[in-house]
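J.: Got a sequence here, can you build the structure:
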Amino acid sequence: MVSGVLGVLCVAAWWVLWAWGSADSPAAPPAEAGAVPQPSPWSTALVAVRAAGQSIDRAVAAVPRGADEVQGCGGEWSKLKAEDASGVEVPPPSARFEERRATVLAALRASPDELVRVAARWLDVATAGTLAVHAREESACETDACRAALPLWPALQRMREALATAAVSSHNAEVYALAFHTCGQLGGGSEGTCQLINARQWARLAPDNAQPWLFMLSDAVQREDVAAQDEALHRIGSARRSDMGFATIPGLVIRNAPDDDAYVPAVLSLVVEATGRSAAWRIPGYQSLLNSCKRDALRDANRQRACEAAAELLTERSDTRIERSIGTSLGKQVGWPVERSDRLRGEDSAFVDAESARLAAVTSAAGNRKCAVLRSMLAQVARNAELGETGYLREWVAKSGKTPEEFVRIERARREPAASEAASTSVAR
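T.: Below you'll find the model as predicted:
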């Protein structure tokens, strides 16, 4: 599951990365007289890479380029399609691209921050090209046996074991959450150290986060343990936030990336990869939450209060639009005014429309074929990681100038065609 706008943004960014033409890299501003240059955290790592790559750059520059070739952000060359001068064939990753990607990962591994180092281990499984091939092969698999036979599978299993081993001795809740999600992919939780990773320990490390309790609620419902359900619902409603963390790794990559246009394609590839791999994380059984808050259960005053609090949490203090939507549905079950539900849904649909239009304008603007545009997209991902998807949505709502009543009208207008079609179908029958 890719989280809404973040996924759309990364797809658009990936298209721009390969499909856009010549990129103008702004010149560095002249140093002030007498100023002493301050080395960035990346300077040591980049000096060797730049020096080693100078001869390659000179050789590349010396190669005659045809009229059907364009140079994109980062210096990569691509060949135009003969049948469509506006499109560019996606080239295989070049040696320089993989070299820069490896440099980014090396810097992440050298970070003093434990989560950044673990994130590097999570990402550093293979080259971008190998991962792309694996993703295609894995998408064609329908069984665990098929996946286990893929060439990259042993490396992925080793990575999973390494993350689980790091998590069991860590006091960092985000490190533990990354291991929890990774171990839970494709049945990995039943093997090796992953067997020690569980939602209850995650909850101990992250007492303010409802996410582990959502998983424990699903487990309690399956076991028909009413007392455990009541505890989980209480914990969910009293949590300060519900943080899935889908944008955590993309945000870390961007914040720790070099401030150099040559590295934008490599950084972008890691951001897209992290987003795609997060899409395979298991999510809580939200149906268990909705079922626990149905009308009959709400006759109990304590259950009513717990479900109302859970609806408020998911709607107002979660980090994804999917949980905001679940919270809105839950709010309807516990008796929210219809105007509130319609306003929330109207905000969401208007936000998605506005973001889609903005991204379409950026990716189709022929005059904006510059690294600066890719940087702008990465800045949007970083902002999403900082605020959470719902925080980013609320920021847009506040800046939109629209009133709550306008969002209600947007939602009701959106529903009218579906209602009319349903009525026509009913009459026809």
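J.: Distance of residue 318 relative to residue 264?
T.: Residue 318 sits 31 Å away from residue 264, taking C-beta to C-beta, to the nearest Å as the criterion. In short, each C-beta sits where N, CA and C put it, glycine included.
J.: Mark out where each domain of this structure begins and ends.
T.: Domain ranges of the chain: 1-22+68-91+344-413, 101-205+246-255, 207-242+284-336, per automatic domain parsing.
J.: would you turn these into a markdown table with distance to residue 278, mean neighbour count and mean pLDDT?
T.: Formatted as a markdown table, the domains of the chain follow (distance: least, C-beta to C-beta, whole Å; neighbours: other C-beta atoms under 10 Å; pLDDT from 0 to 100):
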| stretch | distance to residue 278 | mean neighbour count | mean pLDDT |
| --- | --- | --- | --- |
| domain 1-22+68-91+344-413 | 7 | 17 | 72 |
| domain 101-205+246-255 | 5 | 18 | 89 |
| domain 207-242+284-336 | 11 | 19 | 95 |
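J.: my guess is residue 278 contacts residue 246, does it?
T.: Yes: using C-beta atoms under 8 Å, residue 278 is in contact with residue 246, at 4.8 Å.
J.: I'd like to know the phi and psi angles of residue 241, please.
T.: Per-residue torsions, residue 241: phi -160, psi 170 (degrees, to the nearest 10).
J.: Downstream of the helix or strand in which residue 252 is found, the next helix or strand is which one?
T.: According to DSSP states H and E, residue 252 maps onto helix 248-255. Sequence order places helix 264-278 as the next helix or strand after helix 248-255, per DSSP H and E.
J.: now that following helix, how far from the chain's geometric center?
T.: Mean-position distance between helix 264-278 and its chain equals 9 Å (C-alpha atoms, centre = their mean, to the nearest Å).
J.: which parts of that helix are buried?
T.: 264-278 (16 or more other C-beta atoms under 10 Å).
J.: Give me the packing partners of that helix, helices and strands only.
T.: Packing partners of helix 264-278 (3 or more C-beta pairs under 8 Å, 6 or more residues apart in numbering; DSSP states H and E): helix 4-19, helix 95-109, helix 114-123, helix 128-139, helix 248-255, helix 371-387.
J.: among those helices, which is nearest residue 330?
T.: If you check each of those against residue 330 by C-beta to C-beta, helix 4-19 wins as the nearest, at 18.7 Å.
J.: quick one on the thing from earlier: output the helices and strands packed on helix 264-278 as a markdown table; include the columns distance to residue 155.
T.: Putting the helices and strands packed on helix 264-278 into a markdown table (distance: least, C-beta to C-beta, whole Å) gives the following:
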| stretch | distance to residue 155 |
| --- | --- |
| helix 4-19 | 23 |
| helix 95-109 | 14 |
| helix 114-123 | 12 |
| helix 128-139 | 9 |
| helix 248-255 | 18 |
| helix 371-387 | 26 |
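J.: Specify the stretch among those that is closest to residue 151.
T.: Judged by C-beta to C-beta, the one of those that comes nearest to residue 151 is helix 128-139, at 7.6 Å.
J.: which secondary structure elements does that closest one contact?
T.: Helices and strands touching helix 128-139, by 3+ C-beta pairs under 8 Å, 6+ apart, are helix 95-109, helix 264-278.
J.: can I get the ones you listed in JSON lines with distance to residue 258?
T.: Output for these, formatted as JSON lines (distance: least, C-beta to C-beta, whole Å):
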{"stretch": "helix 95-109", "distance to residue 258": "7"}
{"stretch": "helix 264-278", "distance to residue 258": "8"}
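J.: between the ones you listed, which gets nearest to residue 122?
T.: Across these, closest to residue 122 is helix 264-278 (C-beta to C-beta), at 7.8 Å.
J.: So which residues of the stretch 301-429 of the chain form helices?
T.: Taking DSSP state H, counting those that start in this stretch as the criterion, the stretch 301-429 of the chain contains helices spanning 301-316, 321-333, 338-364, 371-387, 389-400, 404-428.
J.: out of those, nearest to residue 103?
T.: Using C-beta to C-beta, the helices of the stretch 301-429 of the chain put helix 371-387 closest to residue 103, at 16.8 Å.
J.: Please tell me how far the closest one is from the chain's geometric centre.
T.: Helix 371-387 sits 12 Å away from the centroid of its parent chain (C-alpha atoms, centre = their mean).
J.: Equivalent analysis for stretch 252-260, please.
T.: Chain-centre distance of stretch 252-260: 16 Å, with C-alpha atoms, centre = their mean.
J.: ditto for stretch 101-117
T.: Relative to its chain's centre, stretch 101-117 lies at 19 Å (C-alpha atoms, centre = their mean).
J.: Does residue 329 touch residue 290 like I think?
T.: Yes: Residue 329 lies in contact with residue 290 (C-beta under 8 Å); the separation is 6.6 Å.
J.: Now do the contacts for the spatially closest residue to residue 237 that is not a sequence neighbour.
T.: On the basis of C-beta to C-beta, 6 or more residues apart in numbering, the spatially nearest residue to residue 237 that is not a chain neighbour turns out to be residue 309, at 2.8 Å. Listed by C-beta atoms under 8 Å, 6 or more residues apart in numbering, the contact set of residue 309 reads 236, 237, 238.
J.: any idea how far residue 401 is from residue 360?
T.: Applying C-beta to C-beta, the value for residue 360 to residue 401 is 21 Å.
J.: cool, residue 391 as well?
T.: Taking C-beta to C-beta, one finds residue 391 at 19 Å from residue 401.
J.: Alright, calling it a day.
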